[in-house]
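Undergrad: model this:
(2 chains)
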Protein chains: 2
Amino acid sequence: MELPSKLIEAAVDQMSSLPGVGRKTALRLVLNMLGRSEEQVEAFSEAFLHMKRGIHACNQCHNLTEMEVCSICLDPARQGNLVCIVEDIRDLLALEATGQYRGKYHVLGGVISPMDGIGPNDLNIASLAVRLETLTGSSDKVEVIFALPATMEGETTAFYIFRKLAPLAVEVTAIARGLAVGEDLQHADEATLVQSLRQRLPYTS
Amino acid sequence: MELPSKLIEAAVDQMSSLPGVGRKTALRLVLNMLGRSEEQVEAFSEAFLHMKRGIHACNQCHNLTEMEVCSICLDPARQGNLVCIVEDIRDLLALEATGQYRGKYHVLGGVISPMDGIGPNDLNIASLAVRLETLTGSSDKVEVIFALPATMEGETTAFYIFRKLAPLAVEVTAIARGLAVGEDLQHADEATLVQSLRQRLPYTS
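TA: Predicted coordinates:
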């Protein structure tokens, strides 16, 4: 479908660059945008720019933050020797929404997936090893909790990290499979997430 | 789900202001946006601002254009005495995509829908009447083609306009119902749209 203007074409191109948005949907969303006031469109556009400019990955755990280090890492009330490993920010948010976890996190930014060309070096694994090495030097008991997806890629990633941490005095656990296999962490209900945290078991490869 | 920053919160709010986008989907889209470079996010944001600032409704037919009058209205090769009435821009684009229609358009910007509080004065009907009055003064034979949806609202709108045009020497036709009832004009295939234009019949109330 040929659009009546290059400006609309460009807007549709950008809208359809979002994952899961096709060109027909994009056009519908763009026409909705045209029906708004200029102030509203400015607010829409600026929200993403401000976010992109103001948000960084936390130096320590790779959570999103406006500071150098995120509020979870900075919180003295949280256990520094308990590190929960998650695939991405949404999984962290899902666990935080339970209000039950008092340790810290490490966000990998994905899982190992040779099919998608994602190897260990594309993930925040090296920084995890360094972080845990420092932690084991200063703390008696360090625990790592795997809260990774119950998929081939998730399991592979967990095993890779487990092997990587073997030389360190770290207890490695995994959240209980209260979750149905194949169900996304971020879509699970909070009670199930609480159970899966409480019933964590020693990791066995 | 509480978000780790007001900046992300604002971006999710804006993303979920789009029709059909819920908060979970909005968060997914916003995190995708965060994974892009600043230049890419700028391009995304600017596309909508530039579009909003550069695009106006055509003075004559209310099609979208960067000029005062759209390229269809300005095209001397198109029949000025043949005016196709459509609900919105996407319907115009669908008809244009057939490449078979050589007349002009009038975009109503909606259909009469008392349930949604949309009356004749909310649509581009007054400007249509003025436009056709001028046209009948300068042209022997003026034809109006209704290409409105086959819904209660579409029929009501067509009937309202038909009555409004009664004093004018205008032939009123409607596109053939080659379209399945309830099927959107913009989703019909092009061959069906060509047929429905060719087989138009005198409008009967």
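Undergrad: from here on, contacts and neighbour counts on C-alpha atoms
TA: OK.
Undergrad: Would you map the helices across chain A?
TA: Residue ranges of the helices in chain A, as given by DSSP state H, are A:6-15, A:23-34, A:38-54, A:71-74, A:89-98, A:126-138, A:152-165, A:190-198.
Undergrad: Quick check: which of those helices has the most neighbours on average?
TA: helix A:6-15 (a mean of 21; mean count of other CA atoms under 10 Å in any protein chain shown).
Undergrad: still on that earlier bit, turn the helices of chain A into TSV, including distance to residue B:68 and mean pLDDT.
TA: Formatted as TSV, those follow (distance: least, CA to CA, whole Å; pLDDT from 0 to 100):
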stretch	distance to residue B:68	mean pLDDT
helix A:6-15	15	94
helix A:23-34	16	92
helix A:38-54	18	95
helix A:71-74	52	94
helix A:89-98	46	89
helix A:126-138	58	92
helix A:152-165	56	94
helix A:190-198	55	76
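Undergrad: now these in JSON lines, with distance to residue B:148?
TA: Output for these, formatted as JSON lines (distance: least, CA to CA, whole Å):
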{"stretch": "helix A:6-15", "distance to residue B:148": "24"}
{"stretch": "helix A:23-34", "distance to residue B:148": "18"}
{"stretch": "helix A:38-54", "distance to residue B:148": "29"}
{"stretch": "helix A:71-74", "distance to residue B:148": "55"}
{"stretch": "helix A:89-98", "distance to residue B:148": "44"}
{"stretch": "helix A:126-138", "distance to residue B:148": "61"}
{"stretch": "helix A:152-165", "distance to residue B:148": "51"}
{"stretch": "helix A:190-198", "distance to residue B:148": "48"}
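Undergrad: Enumerate the residues of chain A near chain B.
TA: A:1-5, A:7-8, A:10-11, A:14-15, A:18-19, A:29-30, A:32-34, A:38, A:41-55, A:64-66, A:93-94, A:97 (CA under 8 Å from any CA of the partner chain).
Undergrad: Quickly list the domain ranges of chain A.
TA: A:6-54, A:67-202 (automatic domain parsing).
Undergrad: And these: which comes nearest residue B:89?
TA: domain A:6-54 (8.4 Å; CA to CA).
Undergrad: For chain B, give me its nearest residue in chain A.
TA: residue A:45 (4.4 Å; CA to the nearest CA).
Undergrad: Spit out the contact partners of that residue.
TA: Residues near residue A:45 by CA atoms under 8 Å, 6 or more residues apart in numbering or on different chains: B:44, B:45, B:46, B:48, B:49.
Undergrad: So the last one is in contact with residue A:41, correct?
TA: To tie it back to what came earlier, the one meant is residue B:49. Yes. Contact status for residue B:49 versus residue A:41: in contact at 6.3 Å, counting by CA atoms under 8 Å.
Undergrad: Centre-most residue in chain A?
TA: Taking CA atoms, centre = their mean, the centroid of chain A lies closest to residue A:88, which sits 1.4 Å from it.
Undergrad: Need the nearest residue in space to that residue, chain neighbours excluded.
TA: What sits nearest to residue A:88 in space, not counting adjacent residues and going by CA to CA, 6 or more residues apart in numbering or on different chains, is residue A:109, at 5.0 Å.
Undergrad: Could you check the pLDDT of the one you found?
TA: Predicted confidence (pLDDT) for residue A:109: 93.
Undergrad: Over to residue A:177?
TA: Residue A:177 carries a pLDDT value of 67.
Undergrad: go on, the one 5 residues further on?
TA: At residue A:182, the model reports a pLDDT of 72.
Undergrad: One more: the one 5 residues further on?
TA: Residue A:187 is assigned 82 on the pLDDT scale.
Undergrad: Could you pull up the residues touching residue A:164?
TA: Residue A:164 touches residue A:129, counting by CA under 8 Å, 6+ apart.
Undergrad: again, but for the one 4 residues further on
TA: By CA under 8 Å, 6+ apart, the contact set of residue A:168 is A:132, A:133, A:136.
Undergrad: swap in residue A:3?
TA: With CA under 8 Å, 6+ apart, residue A:3 has these contacts: A:9, B:93.
Undergrad: Next one: it from residue B:91, what distance?
TA: Noted for residue A:3: a distance of 12 Å to residue B:91, by CA to CA, to the nearest Å.
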